[in-house]
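Asker: Everything below, folded, please.
(4 chains)
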Protein chains: 2
Amino acid sequence: MRDIEVKIAWQGQSNCQSCSIRSSVLFSELNEEDFSKIHAPIDDLHFESGATIYAQGEHGQNLYTLREGFVKLLHLNEDGTERIVRLIKHGDLFGMEALLGSAHESSAIALGRVYLCRLPASMIVTLGEESPRLHRQMMKKWGEALSQSETWFSQMNTGRADLRIARFLLALAKEHEGVIKAPLFKREDMGLMMDIKLETVSRSLASLSEMNMVTDVGRSFVTIPDLEKLKKFCQQGL
Amino acid sequence: MRDIEVKIAWQGQSNCQSCSIRSSVLFSELNEEDFSKIHAPIDDLHFESGATIYAQGEHGQNLYTLREGFVKLLHLNEDGTERIVRLIKHGDLFGMEALLGSAHESSAIALGRVYLCRLPASMIVTLGEESPRLHRQMMKKWGEALSQSETWFSQMNTGRADLRIARFLLALAKEHEGVIKAPLFKREDMGLMMDIKLETVSRSLASLSEMNMVTDVGRSFVTIPDLEKLKKFCQQGL
DNA sequence: CGTTGGTTTGAAAGGACTCAAGAGGGGTGG
DNA sequence: CCACCCCTCTTGAGTCCTTTCAAACCAACG
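Answerer: The predicted structure follows:
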């Protein structure tokens, strides 16, 4: 119990109308009238690295919008093996099983420090039935989740290990202070995303680095000197 | 063009209220009032093996409910590699990207002879905004699709090849005339589902057969003499 | 300065892939 | 009705890649 308390912190209640990432999230299309229907509290939360936001098998009452950081959805199979089935990024909605009243299919765990909004499922359900705008928006979010999951799966689980890593870096690359960087996670987590062992992740990164596809391989970042070169590598696998 | 004509056949218009699989599909919760709102035609179609129901990149106007057979969702990556991202089964709804007006993320291709219903997306959208029952039902279908995709992915893409095949068989096993059988597909397709080469699929099936996990390995079916034994094998990987 | 958790690296073993040849089955045309 | 062809599936041998097990390394932290 104490463990949870240190890992989660309440940041206050959200004011969605003035939210900085509103344009990319669930409420982007809502108008004043719709907002007036929101009575349940939307909480603004903060989790430490490694904290469990919800666990597989739980019947959650909430869904979540990620404001900052990364979250992994970890699925435990019956035979004891684990896989990361989706990587939640800034602006993504997750935990949508709560809308259906069904148990969570996977555990949501913070990768690094994480800030998110917690929305009561009941509110979203009723609002969705009353507001065509939110209805549309929810369809869209479901669709995005599905498409992300399938593209992710299709890209990160095909071919040789170094190609998987390269595609992974490409998918997550972002310009940051003039240089293009991609985030890295614990090698074990990266392995769980692509179904390779952590040693292989490490070796693949080393070999990409030798080929000058990436530089400054660190614990949580790499820089990509030439994005086009990396793209070509992904496609041709030279 | 002629190629398409022989592979697709119109079976007439559907009467959803008396549909034999209505309980498992999109309209299961609708009442008389909702049905009265359905004006657009729902067609009953038939595709031959290998026919493309829709292609990746197309902006479809319809979604589909599978009545009989299997459909593969084949995703072509930018680098030319392909993966089967989902296997559509009896009662499943697919092609939901049409609801969002976005392009199909993958091609839908008939695996064997297939019977399905074609629903105009526009109808579902308006109906969904008017009927809370259909709204709920659609959420549920999206959720099912996502959960299927993720479980599928997590199960069929982890561990040794023979274990993947075993899990695959387990997931598709059904009692048929007293014996438990599982459908098989072309070895290449099975390979695309689990990211293994077709030769490896063949070898794995042979090795499962040697261990008496399965018998009568044929082109399109295997029989499973002892379901519990197969389950144990999946979990322990002895 | 030793401990701890995570990362890298090495060597050997095992699994999957490639290429290639052969076998089976269904359909077609003589 | 049979011979033939084509497509698919199986099987074999060698190579390449990934895993496994182990040890060394590194940075953060008390």
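
Asker: beta partners of the residue most central in space within chain A?
Answerer: Central residue of chain A (C-alpha atoms, centre = their mean): residue A:88, 0.6 Å from the mean position. Note on residue A:88: beta-bridge partners by DSSP bridges are residue A:71.

Asker: what sits against it?
Answerer: Contacts for residue A:88 (C-beta atoms under 8 Å, 6 or more residues apart in numbering or on different chains) come out as A:66, A:70-73, A:94, A:108. (Each C-beta comes from the backbone N, C-alpha and C, glycine too.)

Asker: Sketch out the low-pLDDT regions of chain A for me.
Answerer: By pLDDT under 70, the low-scoring segments of chain A are A:1-14, A:23-24, A:39, A:236-238.

Asker: do you know how far residue A:118 is from DNA strand C?
Answerer: Using C-beta to the nearest atom of the strand, to the nearest Å, residue A:118 is found at 26 Å from DNA strand C.

Asker: With residue A:33 instead?
Answerer: With C-beta to the nearest atom of the strand as the criterion, residue A:33 and DNA strand C are 48 Å apart.

Asker: State the three-state secondary structure for that residue.
Answerer: Here residue A:33 is recorded as helix under DSSP: H, G, I helix; E, B strand; the rest coil.

Asker: now residue A:206
Answerer: What three-state DSSP gives for residue A:206 is helix.

Asker: can you give me phi and psi for the residue lying closest to it once chain neighbours are set aside?
Answerer: Residue nearest to residue A:206 in three dimensions, not counting chain neighbours: residue A:217, with 7.3 Å by C-beta to C-beta, 6 or more residues apart in numbering or on different chains. Residue A:217 has phi and psi values of phi -70, psi 110 when expressed as degrees, to the nearest 10.

Asker: would you list every one of the helices in chain A?
Answerer: A:2-7, A:32-36, A:97-100, A:121-130, A:132-156, A:161-172, A:187-194, A:198-210, A:227-236 (DSSP state H).

Asker: per-domain residue ranges of chain A.
Answerer: Listed by automatic domain parsing, the domain ranges of chain A are A:2-149, A:161-236.

Asker: Can you lay out these as TSV showing distance to residue B:189?
Answerer: As requested, the domains of chain A are arranged in TSV below (distance: least, C-beta to C-beta, whole Å):
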stretch	distance to residue B:189
domain A:2-149	21
domain A:161-236	20
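
Asker: Could you point out which of these sits nearest residue B:212?
Answerer: Relative to residue B:212, the nearest member of the domains of chain A by C-beta to C-beta is domain A:2-149, separated by 20.0 Å.

Asker: and the residue nearest to the centre of chain A, how far is that from residue A:183?
Answerer: According to C-beta to C-beta, to the nearest Å, residue A:88 and residue A:183 sit 13 Å apart.

Asker: Same check on residue A:137?
Answerer: 28 Å.

Asker: same question, residue A:63
Answerer: 24 Å.

Asker: Next: residue A:75.
Answerer: 21 Å.

Asker: higher neighbour count, the two?
Answerer: Comparing residue A:75 with residue A:183 by other C-beta atoms under 10 Å in any protein chain shown, the one with more neighbours is residue A:75, at 24 against 19.

Asker: Burial check on the closest residue in space to the more buried one that isn't next to it in sequence, number of neighbours?
Answerer: Of all residues not flanking residue A:75 in the chain, residue A:106 sits nearest, at 4.0 Å (C-beta to C-beta, 6+ apart). Neighbour count for residue A:106, taken as other C-beta under 10 Å: 26.

Asker: And the contacts of stretch A:101-111?
Answerer: So stretch A:101-111 is contacted by A:47-60, A:64, A:69-76, A:85-86, A:88, A:94-95, A:97-98, A:185, A:189, B:143, B:147, B:150-151 (C-beta under 8 Å, 6+ apart).

Asker: can that stretch be found next to DNA strand C?
Answerer: No. Counting by C-beta under 7 Å from any atom of the strand, DNA strand C has no neighbours in stretch A:101-111; the shortest distance is 11.1 Å.

Asker: Could you verify my assumption that residue A:154 touches residue B:86?
Answerer: No. Applying C-beta atoms under 8 Å, one finds residue A:154 not in contact with residue B:86, separated by 10.3 Å.

Asker: any idea how far the closest residue to residue A:190 other than its chain neighbours lies from residue A:155?
Answerer: Of all residues not flanking residue A:190 in the chain, residue A:201 sits nearest, at 4.8 Å (C-beta to C-beta, 6+ apart). The gap separating residue A:201 from residue A:155 is 16 Å, by C-beta to C-beta.

Asker: Which one's more surrounded, these two?
Answerer: Neighbour count, other C-beta under 10 Å: between residue A:201 and residue A:155, residue A:201 has more, with 26 against 23.

Asker: The more buried one: what's it in contact with?
Answerer: A:161, A:165, A:187, A:190-191, A:194.

Asker: burial measure for the residue of chain A found nearest DNA strand C, as a count.
Answerer: Nearest to DNA strand C, among the residues of chain A, is residue A:202, at 3.3 Å (C-beta to the nearest atom of the strand). For residue A:202, the neighbour count with other C-beta under 10 Å is 14.

Asker: thought it was touching residue A:184?
Answerer: No. Here residue A:202 lies out of contact with residue A:184, judged by C-beta under 8 Å, at a distance of 10.6 Å.

Asker: Show me what residue A:44 is bridged to.
Answerer: Bridge pairing for residue A:44 (DSSP bridges) gives the partners residue A:117.

Asker: and residue B:112, which of the domains of chain A is closest to it?
Answerer: Residue B:112 lies closest to domain A:2-149 among those, at 24.7 Å (C-beta to C-beta).

Asker: hmm, that closest one touching DNA strand D?
Answerer: No. If you take C-beta under 7 Å from any atom of the strand as the test, domain A:2-149 misses DNA strand D, and the best it gets is 10.8 Å.

Asker: same deal with stretch A:209-228?
Answerer: No. Between stretch A:209-228 and DNA strand D, judged by C-beta under 7 Å from any atom of the strand, nothing touches; the nearest distance is 7.5 Å.

Asker: Next, the distance between the ends of that stretch.
Answerer: 16 Å (C-alpha to C-alpha, to the nearest Å).

Asker: got the residues of chain A near DNA strand C?
Answerer: Listed as neighbours of DNA strand C in chain A under the rule C-beta under 7 Å from any atom of the strand: A:186-188, A:198-199, A:201-203, A:205-206, A:217, A:219.
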